[in-house]
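Engineer: give me the fold of what follows.
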Amino acid sequence: MKRRSFIKKSSISGLALTMMPNLPFSKEIEYSVLELMGKEEIELYGEGINLRKEAHDAFLEMKKAAYSDGIDIKIVSSYRNFDRQESIWERKYMRFTEDDGMEPIQAIDKIIEYSTIPGTSRHHWGTDIDIIDGYRKTKGDVLVPEKFGTGGPFEDFKKWMDVNSNKFDFYLVYTNDPKRRGFKYEPWHYSYAPISIPMLTAYRRLNIVQLLREEEFYGSQHFTAGFIKNYVRNNILDINTELL
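Structural biologist: Numbering: from 1, shown residues only. Alright, predicted model coming up:
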């Protein structure tokens, strides 16, 4: 089993946060600020999987079960460190502002329909995955909600996940609940709850406003305290309630 790791990068001190028992999935584990923001080296397991050990093992069990039902769960994206998320953010920011002529605030609002601000992504934790059915062939971007709906190439895959994913402790993060705010519906994004729940609890204790306003990437100069607070409330916390 191949183990992978990434190099850390940050000017922020590695303050450790002690976890307190909360929900059934909670564990008393310490997570540093750097780790929670994707800036610290962590152990990742599995070629093409890149998850924490417990999440990796649960994923393989889920993948094995899906195989028997004619589904090939394929990971499109899993762990992303801060630098990777920053490159995604900046590429979109430049495209929207320079190519499409959007104003900075308009571009930022467009980006956060689906993409997270660097340092706030659940993909920093080694617990979350974007997945599809590898058996189904489709053209263009695979992470499109319509492709997981009725008549779409991943319709059967989504139905299988709806019935079975929770058995392996993977939960859909951004549901299609019409009352939910923040990121749009992502039928491909699942999170390994036994680890991601305590990590989110730790993340909520950070001073996100201060941390993000210390960052320097394209568009970050337009982040006001009010914008960041709304982003935390709507995009980070308005998720599947089973992951809170």
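Engineer: hey, let's count contacts and neighbours off CA atoms from now on
Structural biologist: OK.
Engineer: ok, which stretches of the chain are helices?
Structural biologist: Taking DSSP state H as the criterion, the chain carries its helices at 33-36, 53-67, 82-94, 104-111, 155-164, 193-203, 208-213, 225-231.
Engineer: most tightly packed of those?
Structural biologist: With neighbours defined by mean count of other C-alpha atoms under 10 Å, none of the helices of the chain is more surrounded on average than helix 33-36, at a mean of 24.
Engineer: ok so, going back, make CSV out of the helices of the chain and add distance to residue 176 and mean pLDDT.
Structural biologist: Below are those laid out as CSV (distance: least, C-alpha to C-alpha, whole Å; pLDDT from 0 to 100):
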stretch, distance to residue 176, mean pLDDT
helix 33-36, 26, 98
helix 53-67, 23, 98
helix 82-94, 24, 98
helix 104-111, 19, 98
helix 155-164, 13, 98
helix 193-203, 19, 98
helix 208-213, 26, 97
helix 225-231, 18, 98
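Engineer: want to throw those helices into TSV with distance to residue 74?
Structural biologist: Shown next, in TSV, are the helices of the chain (distance: least, C-alpha to C-alpha, whole Å):
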stretch	distance to residue 74
helix 33-36	25
helix 53-67	8
helix 82-94	20
helix 104-111	25
helix 155-164	11
helix 193-203	19
helix 208-213	33
helix 225-231	30
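Engineer: of the ones you listed, which is nearest residue 186?
Structural biologist: The closest approach between residue 186 and any of the helices of the chain, judged by C-alpha to C-alpha, belongs to helix 155-164 at 11.1 Å.
Engineer: what's the angle from the closest one to helix 53-67?
Structural biologist: Put simply, helix 155-164 runs at 120 degrees to helix 53-67, going by axes from the mean of the first three to the mean of the last three C-alpha atoms, to 10 degrees.
Engineer: which residues does helix 155-164 contact?
Structural biologist: Here helix 155-164 makes contact (C-alpha atoms under 8 Å, 6 or more residues apart in numbering) with 66, 71, 132-133, 147-149, 187.
Engineer: quick check, nearest of the residues you listed to residue 101?
Structural biologist: The closest of the contacts of helix 155-164 to residue 101 turns out to be residue 147 (C-alpha to C-alpha; 29.3 Å).
Engineer: quick one: contacts for that closest one?
Structural biologist: The contact partners of residue 147, by C-alpha under 8 Å, 6+ apart, come to 153-155.
Engineer: my read: residue 93 touches residue 107, true?
Structural biologist: Yes: when contacts are counted by C-alpha atoms under 8 Å, residue 93 is listed as touching residue 107 (6.2 Å).
Engineer: for residue 169, grab the count of nearby residues.
Structural biologist: 18 (other C-alpha atoms under 10 Å).
Engineer: re the thing from before, would you turn the contacts of helix 155-164 into a markdown table with distance to residue 113?
Structural biologist: Formatted as a markdown table, these follow (distance: C-alpha to C-alpha, whole Å):
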| residue | distance to residue 113 |
| --- | --- |
| 66 | 30 |
| 71 | 29 |
| 132 | 20 |
| 133 | 24 |
| 147 | 18 |
| 148 | 18 |
| 149 | 19 |
| 187 | 14 |
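Engineer: leaving out the residues flanking it, which one is nearest to residue 107?
Structural biologist: residue 96 (5.6 Å; C-alpha to C-alpha, 6 or more residues apart in numbering).
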